[in-house]
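In: turn this into a structure:
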Amino acid sequence: MSATPEARTLAQWLAHLEQLHPREIDLGLGRIRAVYAAMGAPRPAPSVITVAGTNGKGSSVAFLEAILVAAGRRVGSYTSPHLWRYNERVRLNGHPVDDAALCAAFERVEQARDGVSLSYFEFGTLAALDLFARTDLEVALLEVGLGGRLDAVNVMDPDVALITPIALDHMDWLGPNRDAIGREKAGISRATRPLVCTDPEPPLGLLQHGLGSPRWCAGSDYRVLRREARRWDFLSATVCWSDLPPPALPGEHQYANAAGALAVLALLPSGLQPDRRSVVDGLTHARLPGRLERRAGPVTQWYDVAHNPAGTAALAAHLATIPVAGTRRTILGVLQDKDASAMIETLRPQTDVWYVTDLPGSRGNTAVALAALVRALAPHAPVTEFATPSEARTQALADSGPTDRVVVTGSFLTVALASPAPV
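Out: Below you'll find the model as predicted:
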């Protein structure tokens with residue numbers, strides 16, 4: 001006998017969500033608006049910040065969350081996807097919510113939807129909004145899942161919109177070029193509400209769509225001034241922070257993400273704006289697993305969820321700054337709708353030996369397909385095929401000595417399945 005809705009565990013709820021809708025990705029706001037209205041259209045917090053973009057969304061939310069929590073603000077964060085546990089997607093003051101809170105929120109969505117078919121992401125978004133609305137928050141941070149204009153998160157009108165750099169990704173859904181993709185991302189903006197853009201060269205489609213929004217653009221409305229010892233200044237017409245510590249998240253691109261977060265915070269009501277202590281504390285304590293994450297051990301290991309060419313290029317750029325005396329080994333698993341050839345090309349200068357792996361699910365690419373691409377693009381580099389990321393990691397570590405490096409990348413799934421969740 002199947003469990004009743006009241007008795008469902010979180011695992012049972014997630015299995016239920018996976019079976020509700022015929023399509024994994026089905027952009028559009030009609031369904032979620034209907035159920036959101038039936039739930040009373042609860043606003044998750046007095047101030048809402050929505051974050052869209054191709055790369056850097058998770059890092060931007062991490063900086064915003066860390067600084068606001070350091071300032072003593074009550075903050076809810078909704079991000080996706082998760083690495084190991086669904087609870088990672090819904091956080092209160094930086095901590096994942098427990099199973100009971102999620103199950104109760106799922107039950108409320110189930111009662112309100114009245115037969116409306118919701119996708120996995122739509123159902124989860126409504127649960128997060130409902131849970132936040134019941135928690136007396138001051139700020140809600142909402143990360144777009146895919147695109148912006150037609151994404152479920154866009155059911156909510158933000159007080160400030162943040163758009164991170166635009167690159168080619170999800171082109172089957174968002175369009176064939178940066179202009180089209182930028183236009184879709186800019187759909188999260190609202191007339192008269194400020195829009196922060198961290199892309200140093202924003203596409204015309206983004207700028208045209210956001211004409212009604214007061215814009216803060218990197219390089220013109222605010223900028224980063226680098227100092228010695230990786231310290232830096234944030235400069236704008238209204239707020240300046242000097243001699244800041246380097247961002248805790250590694251990679252040169254994190255200065256742009258941190259600066260975008262500071263620009264957003266400068267646009268919040270004065271009572272929510274952080275002081276210097278909170279800014280410094282947040283910059284130095286922001287954490288985000290799977291983003292240029294270095295794990296200690298007998299062999300140096302790097303884990304990065306880069307899943308498009310721009311992401312793997314940023315990973316390769318960071319790896320290039322760290323000399324390796326031994327062999328550089330890359331474990332790669334990629335989804336079918338990604339430009340695997342371009343990703344391999346960006347990683348090729350930092351890879352001596354390849355370990356390619358199948359990924360599960362309807363969108364998962366095969367090790368056979370990836371190996372064929374590697375042989376075409378890097379014909380002199382050894383490549384081995386594996387059924388799972390975990391098997392690939394086990395073999396790569398067995399093959400490695402203390403002077404070697406192992407990198408795990410290509411997808412959230414690759415990183416999540418390559419190693420167990422931290423205790």
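In: can you map out the strands along the stretch 301-423 of the chain?
Out: Taking DSSP state E, counting those that start in this stretch, the strands of the stretch 301-423 of the chain run over residues 328-332, 353-357, 383-386, 405-409.
In: of all those strands, which one is nearest A218?
Out: With respect to A218, and counting by Cβ to Cβ, the nearest of those is strand 405-409 at 26.0 Å. For glycine as for every other residue, the C-beta is placed from the backbone atoms N, C-alpha and C.
In: mind listing the strands the closest one pairs with, and their directions?
Out: Strand pairing for strand 405-409, using DSSP bridges, gives strand 300-303 (parallel), strand 328-332 (parallel).
In: dump the longest one to PDB, restricted to CA.
Out: Looking back up the chat, that one is strand 328-332. C-alpha atoms of strand 328-332 as PDB (Å, rounded to 0.1, in the frame of the first residue of the first chain):
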ATOM      1  CA  ARG A 328      46.900  16.200 -14.600                       C
ATOM      2  CA  ARG A 329      43.900  14.000 -14.600                       C
ATOM      3  CA  THR A 330      40.300  15.100 -15.500                       C
ATOM      4  CA  ILE A 331      37.100  13.200 -14.700                       C
ATOM      5  CA  LEU A 332      34.400  14.500 -17.100                       C
END
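In: give me the angle between that strand and strand 353-357.
Out: 10 degrees (axes from the mean of the first three to the mean of the last three Cα atoms, to 10 degrees).
In: what's next to strand 328-332, contact-wise?
Out: Strand 328-332 has contacts (Cβ atoms under 8 Å, 6 or more residues apart in numbering) with 319, 343-344, 347, 350-357, 370, 374, 389, 392-393, 396, 399-400, 404-410, 414, 418.
In: do the same with stretch 260-267
Out: Contacts for stretch 260-267 (Cβ under 8 Å, 6+ apart): 49, 56, 60, 63-64, 67-68, 160, 162, 164, 194, 196, 198, 216, 218, 221-222, 234, 236, 238-239, 241, 272-274, 279.
In: got a ChimeraX select line for the buried ones in those residues?
Out: Selection of buried members from those for ChimeraX, criterion 16 or more other Cβ atoms under 10 Å:
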select :49,56,60,63,64,67,68,160,162,164,194,196,198,216,218,222,234,236,241,272,273,274,279
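In: so which of the contacts of stretch 260-267 are in helices?
Out: 60, 63-64, 67-68, 279 (DSSP state H).
In: G205: which of these is nearest?
Out: S60 (20.6 Å).
In: where does the residue nearest to that closest one when sequence neighbours are not counted land in three-state SS?
Out: Leaving aside its sequence neighbours, S60 sits nearest to N257 (Cβ to Cβ, 6 or more residues apart in numbering; 4.9 Å). Counting by DSSP: H, G, I helix; E, B strand; the rest coil, the backbone at N257 sits in helix.
In: how about the helices in the stretch 1-150 of the chain?
Out: Counting by DSSP state H, counting those that start in this stretch, one finds helices in the stretch 1-150 of the chain at the ranges 10-20, 30-38, 57-70, 99-113, 120-133.
In: tell me where the model's unsure across the chain.
Out: Applying pLDDT under 70 to the chain picks out residues 1-6, 210-211, 423.
In: give me every residue that touches the residue most central in space within it.
Out: Centroid check for the chain by Cα atoms, centre = their mean gives G58 as the closest residue, at 3.4 Å. Contacts here follow Cβ under 8 Å, 6+ apart; on that basis G58 touches 79, 143, 288, 291.
In: hmm, M171 is touching I181, no?
Out: Yes: in this structure, M171 is within contact of I181 by Cβ atoms under 8 Å, at 7.4 Å.
In: quick one: which of these two has more around it?
Out: Between M171 and I181, counted using other Cβ atoms under 10 Å, the more crowded position is I181 (26 against 13).
In: tell me the contacts of the closest residue to that one other than its chain neighbours?
Out: Excluding the flanking residues, the one nearest I181 by Cβ to Cβ, 6+ apart is L174, at 4.6 Å. Going by Cβ under 8 Å, 6+ apart, L174 touches 146-147, 180-181, 184-185.
In: can you check A286 too?
Out: If you count contacts by Cβ under 8 Å, 6+ apart, A286 has them with 59, 62-63, 65-67, 247-249.
In: go again using 10 Å as the cut-off
Out: Listed by Cβ atoms under 10 Å, 6 or more residues apart in numbering, the contact set of A286 reads 59-67, 69-70, 94, 247-249, 254, 257-258, 261.
In: domain-wise, how is this protein divided?
Out: As given by automatic domain parsing, the domain ranges for the chain are 5-285, 293-418.
In: thinking again about what came up before, wait, which of the helices of the stretch 1-150 of the chain is closest to P323?
Out: Across the helices of the stretch 1-150 of the chain, P323 has its closest neighbour in helix 57-70 (25.2 Å, Cβ to Cβ).
In: put the alpha carbons of that closest one into CSV.
Out: Taking Å, rounded to 0.1, in the frame of the first residue of the first chain, the C-alpha atoms of helix 57-70 are listed here in CSV:
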residue,chain,number,x,y,z
LYS,A,57,24.3,32.7,-9.8
GLY,A,58,25.1,30.4,-6.9
SER,A,59,28.2,32.3,-6.0
SER,A,60,26.3,35.6,-6.0
VAL,A,61,23.6,34.2,-3.7
ALA,A,62,26.3,32.8,-1.4
PHE,A,63,27.9,36.2,-1.0
LEU,A,64,24.6,37.9,-0.5
GLU,A,65,23.5,35.3,2.0
ALA,A,66,26.8,35.4,4.0
ILE,A,67,26.9,39.2,4.2
LEU,A,68,23.2,39.5,5.2
VAL,A,69,23.5,36.8,7.8
ALA,A,70,26.6,38.4,9.2
